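Chemist: following is a predicted model, sequence given first.
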Amino acid sequence: MTLTKNDISGLYTAIVTPFAADKSVDHNALAALVTRQLAAGATGIVPIGGTGEYPALSRQERKDIVKTCVEAAGDAPVIPGVLSTGFPDAVEAGKDFEAVGAVGVMTVTPYYAVGTQEGMREYFANYRNEVGVPVLLYEIPRRTTVATKAETIQAMAEDGSIIGMKCSNYDMPEFIKTMKFAGEKMAILSGEEPLFATHVTMGAKGGVLASANIYPEIWIEIFNLAREGKLNEALKLQTKLDCAIDAIYRETNPGPLKKYMEMAGQPVGDVRLPLQSPSQDTMAALKSAFDVTSVANVA
C-alpha cells in the first residue's frame, strides 16, 4: 500500500522492544505484542522510536525488529520511528525499513546540530527524495531541544516532504496554529497522553501513544468519544489512566512502562543502558498505580 494522509487515523501504538534475559531482542514476544495491539483495535504499529529504545539498538537489530512487526501486522501499517542524528544514518534507516515492508517512517527533527527552520524544511525535503516511503515528522522538543513552527510544518506539507506528524509538544497555542495552517494538508497525530483527547477534539486524526502497550482498548474508546466532540466524556474516561500515566513517566520511558507491563502480565524484559530499572520510589508508584487502575476495572 502507498500510505497517504487520508489513511492515517486512530490509535498507533508506540511499542516497546521486548528483550530476553540476556538483553537480546525477543522476537516472539514482539510478534505477540503486535498481534495483541491489532486485535484490540489499534490501527497500526510504531516500533523502535524512543519507546522502542532506538538509540540502544544496532542497525541490524532495528531492521529485524521492523521485519518482525511487518510480518505480525499483516495488512496493518507499520511506521517505524527514525531517531538518527545525522542525515546519512537517517536515510540508511529509512531504506532499511522500506526494504522489510514498512509503509512509512516517522522521522525526528535533526538534533544536536540544530538547524534553522529553513534548514529543517530542507532536511525533510531532501530526506523524502532519498527514502522511498512517505514520511511523518516526529516533533518532540523536550528531547531534541528544537521546535518546528507551524509555518514550517505547513511548508513541509506543501513541499510534499511529509504526509503527517506526531506532535509530542505541550505548546497548545502552537498546536492550534499548526492545525489552522496544516491540518487540512496532512494528518496530525497526538503524541501526548494527557493532551490526546483535547488534540483529537481539535482536529488531530489520532495518536501515537506508549501507554497503549497496556491499555489500547480504553485509548480507542477515548479516541472515539473525542472525535465525536464529546471532550468532557473523553476526559472523564481518561482520568482512569491518570495515575498510571504519571507513574509510567516518572523516569525516562520505557523503563517504568516495561515494569508496569510485567505487572499487567505482559513481561517484555528490562531496558538497555544507559537506561536502568526504575528506582524503588518509582516501583512503588507503579505498584500503587496498577492497584488503582485494577480497582477501576480498566481494561
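Modeler: Structure received.

Chemist: so where do the helices sit in this protein?
Modeler: Ranges of helices in the chain, per DSSP state H, are 27-40, 59-73, 87-99, 117-130, 141-144, 150-159, 172-182, 196-201, 216-227, 231-238, 242-248, 255-263, 280-295.

Chemist: of all these, which lies closest to Leu3?
Modeler: Leu3 sits nearest to helix 87-99 of all the helices of the chain, at 11.4 Å, using CB to CB. The way it works is simple: take the backbone N, C-alpha and C, and place the C-beta from them, glycine included.

Chemist: and the angle for the closest one with helix 117-130?
Modeler: Between the axis of helix 87-99 and that of helix 117-130 there is an angle of 40 degrees, by axes from the mean of the first three to the mean of the last three CA atoms, to 10 degrees.

Chemist: which ones are touching the closest residue to Glu262 other than its chain neighbours?
Modeler: Distance criterion CB to CB, 6 or more residues apart in numbering; nearest residue to Glu262, sequence neighbours excluded, is Val268 at 7.2 Å. For Val268, the contact set (CB atoms under 8 Å, 6 or more residues apart in numbering) comprises Val16, Thr17, Pro18, Phe19, Asp26, Ala29, Leu33, Lys258, Met261, Glu262.

Chemist: Tyr12 is nearest to which of the helices of the chain?
Modeler: helix 27-40 (9.2 Å).

Chemist: follow-up on the earlier one: how about the residue nearest to Glu262, phi and psi?
Modeler: phi -130, psi 20 (degrees, to the nearest 10).

Chemist: I'd like to know how far it sits from Leu257.
Modeler: According to CB to CB, to the nearest Å, Val268 and Leu257 sit 9 Å apart.

Chemist: shared neighbours, these two?
Modeler: The overlap between the contact sets of Val268 and Leu257 (CB under 8 Å, 6+ apart) consists of Val16.

Chemist: which residues does the helix or strand of the chain with the lowest mean pLDDT contact?
Modeler: Among the helices and strands of the chain, helix 141-144 carries the lowest confidence by mean pLDDT, DSSP states H and E, at a mean of 86. Here helix 141-144 makes contact (CB under 8 Å, 6+ apart) with Gly50, Val108, Thr109, Pro110, Tyr111, Val114, Ala147, Ser168, Asn169, Asp171.

Chemist: of those residues, which qualify as buried by neighbour count?
Modeler: Gly50, Val108, Thr109, Pro110, Tyr111, Ala147, Ser168, Asn169 (16 or more other CB atoms under 10 Å).

Chemist: returning to that earlier point: which of the contacts of Val268 count as buried?
Modeler: Burial by neighbour count, judged by 16+ other CB under 10 Å, picks out Val16, Thr17, Pro18, Phe19, Asp26, Ala29, Leu33, Lys258, Met261 from the contacts of Val268.

Chemist: surely the fourth one and Val25 touch.
Modeler: This means Phe19. Yes - counting by CB atoms under 8 Å, Val25 is a contact partner of Phe19 at 6.4 Å.

Chemist: hmm, back to that, TSV for the buried ones among the contacts of Val268, including distance to Leu286 and pLDDT?
Modeler: Output for the buried ones among the contacts of Val268, formatted as TSV (distance: CB to CB, whole Å; pLDDT from 0 to 100):
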residue	distance to Leu286	pLDDT
Val16	15	98
Thr17	19	98
Pro18	18	98
Phe19	18	98
Asp26	21	98
Ala29	20	98
Leu33	19	98
Lys258	10	98
Met261	10	98
